[in-house]
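Colleague: here are the coordinates; sequence isn't available:
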């Protein structure tokens, strides 16, 4: 393949943000492969010809390898876009074993766009609303054809730390190790080793580079959920997975966060607020937990007005919905609009930790999607028991309701 030089003039142009760009996976620094991508030398040579001023080649080689591996990873899971940060901050070495910098990545993105290899959508940040979107990229059809010929296996780089701490600006930050972080890291590494040795197949295509990390927010008392590329699979796709050749079952906790907020056991459906659709109530409830003010929650709701499952379109209708939710949940209404979501995530992460530990100890592959878990269908009973046991162990309550989903049944049923 002959790659053209970068086009004259600015390559990165701001665009009108489209809703489909929200379907994106974060850029990963923890990917590696059994052998370097076959494209690497070819593209690197073309890049260096277009940028003769570059004398230190290794940083650009490693950064290019990361880009190619990331594009392969999202293609594997069917996610349309990659989210990338163009800030000058370099992730600490513990997360970024290749030491890739924003400068090297930006230079490569610039050239790849000009060479017709990348589609690029610059992100934005609105200082008045404190909301924004990170830049999105994806391979063009031309590059995807070339990536399809790659055969090296994607792997999770064992040098990359799987216990991640972010600050309030969501930047990766360093931290001092402790007994708890070492124990958490050991479990994630055991899980990733088990998944690397397992066959995870979707529609005849083996999924590679499925590795977990735990992300904490500000401190190790906030967040801590398990994240992997599995989260990006659509719900129907997850039910079509095969784990080591066996169909899967997915079981999740129903309305977990509302139940966690109540100190006593909560029976019934917390989203069954009279006069409103369940999906709209669920959305409003979760927006209320993630917002620092009612005004902030209403703004988010207005951004989603008319979405599937949220038919309310006007501010008065949305205000009435929040009034109804607060009234329906009067005992915990003071927790709304105080942003307790990260505290609740820390609790559900501890529940997930116990569930994962149970299956890893038995060498049974398990995939976690926050408060939902996927195992081979023959272990459905074991998963149900592990989830209920973990919930009680962490909360001291027995009011959990779980939903069982499987491809063979093509239905969801609640199990108390």
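Modeller: Okay, I see it. This is a predicted model, so every value here is computed, not measured.
Colleague: domains of the chain?
Modeller: 1-152, 246-258+342-415, 271-328 (automatic domain parsing).
Colleague: would CSV of these with mean neighbour count, mean pLDDT and distance to residue 230 be doable?
Modeller: No exception for glycine: its C-beta is placed from N, CA and C like everyone else's. Below are these laid out as CSV (neighbours: other Cβ atoms under 10 Å; pLDDT from 0 to 100; distance: least, Cβ to Cβ, whole Å):
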stretch, mean neighbour count, mean pLDDT, distance to residue 230
domain 1-152, 16, 82, 8
domain 246-258+342-415, 18, 92, 5
domain 271-328, 16, 90, 21
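Colleague: out of these, which comes closest to residue 225?
Modeller: The minimum distance between residue 225 and the domains of the chain falls on domain 246-258+342-415, with 4.8 Å, by Cβ to Cβ.
Colleague: quick one on the thing from earlier: so which of the domains of the chain gets nearest residue 238?
Modeller: domain 246-258+342-415 (5.9 Å).
Colleague: quick one: secondary structure of residue 83?
Modeller: Assigned by DSSP: H, G, I helix; E, B strand; the rest coil, the conformation of residue 83 is strand.
Colleague: rewinding a little: identify whichever of the domains of the chain lies nearest to residue 171.
Modeller: Across the domains of the chain, residue 171 has its closest neighbour in domain 1-152 (5.6 Å, Cβ to Cβ).
Colleague: isn't residue 105 right next to residue 65, touching?
Modeller: No. Under the contact definition of Cβ atoms under 8 Å, residue 105 does not touch residue 65, with a separation of 11.6 Å.
Colleague: Now do the contacts for residue 241.
Modeller: Residue 241 makes contact with 200-202, 233, 248, 367, 374, according to Cβ atoms under 8 Å, 6 or more residues apart in numbering.
Colleague: try 10 Å
Modeller: 200-203, 207, 230, 233, 247-248, 250, 367, 374, 376, 407 (Cβ atoms under 10 Å, 6 or more residues apart in numbering).
Colleague: all strands for the stretch 301-416 of the chain, in order.
Modeller: 367-369, 372-376, 402-406, 411-415 (DSSP state E, counting those that start in this stretch).
Colleague: who touches the third one?
Modeller: Contacts to strand 402-406, defined as Cβ under 10 Å, 6+ apart, come from residues 235-236, 238-239, 247-256, 371-374, 377, 380, 383-384, 387-388, 391, 411-416.
Colleague: neighbouring strands for it, and are they parallel or not?
Modeller: strand 246-253 (antiparallel), strand 411-415 (antiparallel) (DSSP bridges).
Colleague: what's the angle from the longest one to strand 372-376?
Modeller: Put simply, strand 246-253 runs at 160 degrees to strand 372-376, going by axes from the mean of the first three to the mean of the last three Cα atoms, to 10 degrees.
Colleague: what about strand 246-253, distance to the chain center?
Modeller: 19 Å (Cα atoms, centre = their mean, to the nearest Å).
Colleague: Which element is encountered next along the chain beyond that strand?
Modeller: helix 256-261 (DSSP states H and E).
Colleague: Residue 320: which of the contacts of residue 241 is nearest?
Modeller: Comparing those against residue 320 with Cβ to Cβ picks out residue 250 as the nearest, at 34.4 Å.
Colleague: what is that closest one paired to in the beta sheet?
Modeller: Under the criterion used (DSSP bridges), residue 250 bridges to residue 374, residue 405.
Colleague: Now for it: which residues touch it?
Modeller: 235, 238-239, 241, 367, 369, 372-375, 377, 380, 383, 403-407, 412.
Colleague: can you tell me which residues contact the residue nearest to residue 239 when sequence neighbours are not counted?
Modeller: Nearest residue to residue 239 in three dimensions, chain neighbours excluded: residue 407, at 4.2 Å (Cβ to Cβ, 6 or more residues apart in numbering). With contact set as Cβ under 10 Å, 6+ apart, residue 407 has these partners: 236, 238-242, 247-250, 377.
Colleague: Tabulate those (a markdown table), appending distance to residue 176.
Modeller: A markdown table is the format used below for the contacts of residue 407 (distance: Cβ to Cβ, whole Å):
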| residue | distance to residue 176 |
| --- | --- |
| 236 | 43 |
| 238 | 37 |
| 239 | 42 |
| 240 | 43 |
| 241 | 38 |
| 242 | 42 |
| 247 | 44 |
| 248 | 39 |
| 249 | 40 |
| 250 | 37 |
| 377 | 43 |
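Colleague: In JSON lines: the domains of the chain, plus distance to residue 177.
Modeller: Below are the domains of the chain laid out as JSON lines (distance: least, Cβ to Cβ, whole Å):
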{"stretch": "domain 1-152", "distance to residue 177": "9"}
{"stretch": "domain 246-258+342-415", "distance to residue 177": "18"}
{"stretch": "domain 271-328", "distance to residue 177": "30"}
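Colleague: so which of those domains gets nearest residue 183?
Modeller: domain 246-258+342-415 (9.5 Å).
Colleague: Assign a three-state SS to residue 266, would you?
Modeller: Taking three-state DSSP, the label given to residue 266 is coil.
Colleague: Go ahead and confirm it touches residue 328.
Modeller: No. Contact criterion Cβ atoms under 10 Å: residue 266 and residue 328 do not qualify, at 11.8 Å.
Colleague: count of residues packed around residue 174?
Modeller: 11 (other Cβ atoms under 10 Å).
Colleague: I figured it was touching residue 94, is that so?
Modeller: Yes. Contact criterion Cβ under 10 Å: residue 174 and residue 94 qualify, at 6.6 Å.
Colleague: which neighbours do the two share?
Modeller: When contacts are counted by Cβ under 10 Å, 6+ apart, residue 174 and residue 94 are jointly contacted by 161, 165.
Colleague: So which residues of this structure form helices?
Modeller: 39-50, 58-77, 102-114, 141-147, 179-196, 235-239, 256-261, 278-290, 294-303, 315-328, 341-360, 380-395 (DSSP state H).
Colleague: Would you mind saying which of those helices lies nearest residue 215?
Modeller: Closest of the helices of the chain to residue 215 is helix 341-360, at 9.3 Å (criterion: Cβ to Cβ).
Colleague: and the angle for the closest one with helix 179-196?
Modeller: 50 degrees.
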